[in-house]
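**Q** below is the structure, and that's it, no one-letter string:
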């Protein structure tokens, strides 16, 4: 940066020839000849003498600390205050009322808006724009071509990488880092020690909680709140809440109005998808979860646990302590109930690997579905029912409380009473009725529309 060696404390707002021709006035300004122009300089009572470059324009009311250097073509407005040891590059514009803290560096062609405040030891690199009334804390680093909107506030030691745009009234707290080419829309907040990656968009009035990490390529809608660690290419709709400090994989997609609060032990796998208005609370998730719109998962006193790849259809409800294993698929408008925790003897509802529960089915508290169990559309399972591996409960079938269906097939529309038992390979025909406490032995067959009375034992097909 080329500068002249002469020192003055302040120029008038523009260097020009004096129209009056009066050369002898020694009041407020003394005249010093420089080429053909008479240059007014402050009277000897001025405190400090900055080094001023060529063609710089300095308002008479500007105030300077010791050791200030101002580059060629810079402009400093009225009532500006510049602290000790500040370096101002070529073509910099500092507008009226701005304040620059000691030992700060402002590089070429930067612009500091009216009433803006820059703390001590800050680094404002080439082409940065600070709009009016923005506040930049001590030790902040703004890389090339960053823009900061009106009234935005950046705390101490914040780092913002090149070409990022920060909107009006944005808050970035102490120690946060924002990557390059990102956009923080108006009134968004990045809380202390958070890290935001490259090419991230944070919507209006959205908040990234303290210590969170949002990796590159994320797109976050307006009025959302995020807490945790989020992988690359995250997509979050508006008015969503992802809280609790969980870890999320890459390419996660979150709809509008989603509410998640599941704790730091959860690990959402890559390509997790949560549909609009999903609610997920008091749960532990480890794997890839996919939900349709309006799904509700709420643990009881014991958390629900979802492990592996889980798909849940729109409008389904999981309420209470429930465990879902890898490969579980749940249809639309399904109801699965777990214990509320009100009674110590209650058993967690458990759905094992590769089970499928179809649309509108109802699973009541304490049920255990063995691996590869199929529960058909609009079927209903009572409390504490147990099914063995490979059980098929067809559409609209009803299984009574405490029954054990061990690898059997329950036909469409069949009814099984309380405490009934079926052996492996047994078949209950369509619309058959099995009364309370009946026993259907292995490989026995009950015909369509068949009837088994209470407490009976079936060893072969009734005639």
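**A** Received, thanks. Predicted model, so just to flag it, every value in this text is computed and none were measured.

**Q** which ones are touching residue 170?
**A** With contact taken as C-beta atoms under 8 Å, 6 or more residues apart in numbering, residue 170 is in contact with 148, 149, 152, 153, 184, 185, 186, 187, 188, 189, 190. Placement of C-beta: from N, CA and C, glycine included.

**Q** find the nearest non-adjacent residue to it, please.
**A** Nearest non-adjacent residue to residue 170, counting by C-beta to C-beta, 6 or more residues apart in numbering: residue 152, 4.4 Å away.

**Q** farthest pair in the contacts of residue 170?
**A** 153 and 185 (15.2 Å; C-beta to C-beta).

**Q** touching, residue 153 and residue 133? I think so.
**A** No: the pair residue 153 and residue 133 fails to qualify as a contact (C-beta atoms under 8 Å) at a distance of 9.5 Å.

**Q** mind listing what the residue nearest in space to the middle of the chain touches?
**A** The residue lying closest to the centre of the chain (C-alpha atoms, centre = their mean) is residue 226, at 3.1 Å. Taking C-beta under 8 Å, 6+ apart as the criterion, residue 226 is in contact with 206, 207, 208, 209, 212, 214, 220, 236, 242, 243.

**Q** longest strand in this structure, please.
**A** What stands out as the longest strand in the chain, according to DSSP state E, is strand 241-248.

**Q** I'd like the average pLDDT over the helix or strand following that strand.
**A** With elements assigned by DSSP states H and E, the helix or strand that comes after strand 241-248 is strand 253-254. Averaging pLDDT along strand 253-254 yields 98.

**Q** what residues does strand 253-254 touch?
**A** For strand 253-254, using C-beta under 8 Å, 6+ apart, the contacting residues are 234, 235, 236, 237, 240, 242, 260, 271, 272, 273, 274.

**Q** farthest pair in those residues?
**A** Of all the pairs that the contacts of strand 253-254 form, the one spanning the most space (C-beta to C-beta) is 240 and 271, at 17.5 Å.

**Q** those two: which is more packed in?
**A** Neighbours per residue (other C-beta atoms under 10 Å) separate residue 240 from residue 271, with residue 240 holding more: 26 against 14.

**Q** give me every residue that touches that one.
**A** Contact analysis of residue 240 by C-beta under 8 Å, 6+ apart lists 221, 224, 225, 254, 255, 256, 257, 258, 259, 260.

**Q** now the fourth one: how far from residue 306?
**A** To tie it back to what came earlier, the one meant is residue 254. 16 Å (C-beta to C-beta, to the nearest Å).

**Q** do the first one as well
**A** Here the criterion is C-beta to C-beta. By it, residue 221 lies 25 Å from residue 306.

**Q** so between the two, which is more surrounded?
**A** Shown here are residue 221 and residue 306; by other C-beta under 10 Å, residue 306 has more neighbours (28 against 21).

**Q** find the helix or strand that the more buried one is a member of.
**A** Going by DSSP H and E, residue 306 is in strand 304-307.

**Q** which strands border that strand, and is each parallel or antiparallel?
**A** Sheet pairing here is set by DSSP bridges, and for strand 304-307 it gives strand 283-287 (parallel), strand 322-324 (parallel).

**Q** for it, the averaged confidence score.
**A** Across strand 304-307, pLDDT averages out at 95.

**Q** tell me the contacts of the residue nearest to residue 173 when sequence neighbours are not counted?
**A** Using C-beta to C-beta, 6+ apart and skipping the chain neighbours, the partner closest in space to residue 173 is residue 192 (3.9 Å). Contacts for residue 192 (C-beta under 8 Å, 6+ apart) come out as 155, 173, 174, 175, 176, 210, 211.

**Q** now do the contacts for the residue nearest to residue 352 when sequence neighbours are not counted.
**A** Among residues not flanking residue 352 along the chain, residue 371 sits closest, at 4.6 Å (C-beta to C-beta, 6+ apart). The contact partners of residue 371, by C-beta under 8 Å, 6+ apart, come to 352, 353, 354, 355, 389, 390.

**Q** could you dump those to a markdown table with neighbour count, secondary structure and distance to residue 413?
**A** What follows is the contacts of residue 371, written out as a markdown table (neighbours: other C-beta atoms under 10 Å; DSSP: H, G, I helix; E, B strand; the rest coil; distance: C-beta to C-beta, whole Å):
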| residue | neighbour count | secondary structure | distance to residue 413 |
| --- | --- | --- | --- |
| 352 | 19 | coil | 25 |
| 353 | 17 | coil | 28 |
| 354 | 18 | coil | 25 |
| 355 | 23 | coil | 21 |
| 389 | 15 | coil | 24 |
| 390 | 17 | coil | 21 |
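
**Q** tell me where the model's unsure across the stretch 1-150 of the chain.
**A** 1-48 (pLDDT under 70).

**Q** please repeat the previous calculation with a cut-off of 50.
**A** For the stretch 1-150 of the chain, applying pLDDT under 50 flags the ranges 1-46.

**Q** ok so, going back, where does the residue nearest to the centre of the chain land in three-state SS?
**A** Three-state call for residue 226 (DSSP: H, G, I helix; E, B strand; the rest coil): strand.

**Q** how far away is it from residue 191?
**A** Distance from residue 226 to residue 191, by C-beta to C-beta: 10 Å.

**Q** between these two, which contacts overlap?
**A** Joint contacts of residue 226 and residue 191 (C-beta under 8 Å, 6+ apart) are 207, 208, 209, 212.

**Q** out of the residues you listed, name the ones that lie in strands.
**A** Those of the shared contacts of residue 226 and residue 191 lying in strands (DSSP E): 207, 208.

**Q** who wins for neighbours among the shared contacts of residue 226 and residue 191?
**A** Neighbour max across the shared contacts of residue 226 and residue 191 (other C-beta under 10 Å) = residue 208, 30 neighbours.

**Q** the nearest residue to residue 72 once chain neighbours are set aside: how many residues sit nearby?
**A** Spatial nearest neighbour of residue 72, chain neighbours left out: residue 53 (3.7 Å); criterion: C-beta to C-beta, 6+ apart. Residue 53 is flanked by 20 other residues according to other C-beta under 10 Å.

**Q** residue 53 is in contact with residue 73, isn't it?
**A** Yes: with contact defined as C-beta under 8 Å, residue 53 reaches residue 73; the gap is 7.0 Å.

**Q** need the overlap of contacts for the two.
**A** Common contacts of residue 53 and residue 73 (C-beta under 8 Å, 6+ apart): residue 90.

**Q** burial count for residue 345?
**A** 6.

**Q** check whether it sits in a helix, strand or coil.
**A** coil.

**Q** what about it, distance to residue 365?
**A** Distance from residue 345 to residue 365, by C-beta to C-beta: 12 Å.

**Q** and if you look at residue 371?
**A** Taking C-beta to C-beta as the measure, residue 371 falls 21 Å from residue 365.
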